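*Asks:* pasting the sequence and the predicted model now:
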Amino acid sequence: MHVIVVGCGRVGSELGIGLVEAGHSVAIIDKSRNAFRRLPDNWGGQSVLGYGYDRDHLEEAGAKEAGALAAVTSGDNSNVLSARIARENYQIPNVVARIYDPRRAVIYQRLGIPTVATVTWTTDQVMRRLFPEQAVTEWTDASGTVSLVERSLPAEWAGRSLGALSDGDRFRLVSLTRAGVARIATPELVGQDGDVLVFVVRKEAHDDLDRCLSVNAPTGGH
């Protein structure tokens, strides 16, 4: 996948290095030429001098082919603007914006922009939001029979009842995080864009969970 990182600070450079090591093509945009000094000499990505909300700079970074964008500069407004342009003008499916003011998270979520507040920021969390289709195993019991698995809510389930995302003792939705706030899952919960779900899953049921998440939401949802 081609990924654009806006901002080559500590987080952006670390993210860019990790993405290249994982086999992705990467372009990092930063307004300061000196920022690229954080990248190793043999780094295999592209460095673009400019702004993440400038269309010329985004297109130089490969926005028309990108599958993901992470805006991780030091400015909330710049990050959100970059993410919105990526989503709305270039239809980049997976975007995430770093924010310093977590009180704005709800507003940004309503705009369809997943955010991570600085107080909880890690490059691992960014990777999860850039590749939401990939399950992240949080915990597995000693016998390897049961795991806790984190998944981002697929777009098809937004606005639908999440009660159908359980199958007896094979897999069950146990909690979700919405706008930075975690809650215990209940049958009447309705999905929202940006929700992060945690399931308890039996070892042999992981493929069943993936199939359940990948199909269209049930027409009987709310």
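*Replies:* Happy to help now that I have it. Numbers count the residues shown, from 1 in each chain.
*Asks:* compute the first-to-last residue distance for stretch 89-99.
*Replies:* Across stretch 89-99, the terminal residues are separated by 21 Å (CA to CA, to the nearest Å).
*Asks:* buried residues in that stretch?
*Replies:* The neighbour-count check on stretch 89-99 (16 or more other CB atoms under 10 Å) flags 90, 92-99 as buried. (C-beta placed from N, C-alpha, C; glycine too.)
*Asks:* next: stretch 140-158.
*Replies:* 146-154, 157.
*Asks:* any idea which of the buried residues of stretch 89-99 is least confident?
*Replies:* Confidence by pLDDT is poorest for residue 99 among those, given 81.
*Asks:* give me the distance between the residue lying closest to residue 49 once chain neighbours are set aside and residue 48.
*Replies:* With sequence-adjacent residues excluded and distances taken as CB to CB, 6 or more residues apart in numbering, residue 49 is closest to residue 33, at 5.7 Å. Residue 33 sits 11 Å away from residue 48, going by CB to CB, to the nearest Å.
*Asks:* comparing the two, which shows the higher neighbour count?
*Replies:* For residue 33 and residue 48, the more surrounded residue by other CB atoms under 10 Å is residue 48, and the numbers stand at 24 against 10.
*Asks:* now do the SS call for the more buried one.
*Replies:* Secondary structure assignment for residue 48 (DSSP: H, G, I helix; E, B strand; the rest coil): strand.
*Asks:* domain boundaries for the chain, per the record?
*Replies:* Recorded structural domains for the chain (assignment: automatic domain parsing) are 2-130, 136-214.
*Asks:* deepest in the core, which of those domains is it.
*Replies:* domain 2-130 (a mean of 19; mean count of other CB atoms under 10 Å).
*Asks:* ok, now which ones touch the closest residue to residue 1 other than its chain neighbours?
*Replies:* For residue 1, ignoring the flanking residues on the chain, the nearest one in space by CB to CB, 6+ apart is residue 67 at 4.2 Å. When contacts are counted by CB atoms under 8 Å, 6 or more residues apart in numbering, residue 67 touches 1-3, 92-94.
*Asks:* check which element follows the lengthiest helix in the chain along the chain.
*Replies:* For the chain, the helix with the greatest residue count under DSSP state H is helix 76-90. Downstream of helix 76-90, the first helix or strand assigned by DSSP states H and E is strand 94-99.
*Asks:* that next one to helix 76-90, inter-axis angle?
*Replies:* Angle of strand 94-99 versus helix 76-90, following axes from the mean of the first three to the mean of the last three CA atoms, to 10 degrees, is 170 degrees.
*Asks:* could you dump the buried residues of stretch 140-158 to a markdown table with secondary structure?
*Replies:* Formatted as a markdown table, the buried residues of stretch 140-158 follow (three-state DSSP):
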| residue | secondary structure |
| --- | --- |
| 146 | strand |
| 147 | strand |
| 148 | strand |
| 149 | strand |
| 150 | strand |
| 151 | strand |
| 152 | strand |
| 153 | coil |
| 154 | coil |
| 157 | helix |
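*Asks:* ok, these vs residue 86, which is closest?
*Replies:* residue 152 (17.0 Å; CB to CB).
*Asks:* I figured the closest one hits residue 193, correct?
*Replies:* No - taking contacts as CB atoms under 8 Å, residue 152 lies outside contact range of residue 193: 9.7 Å.
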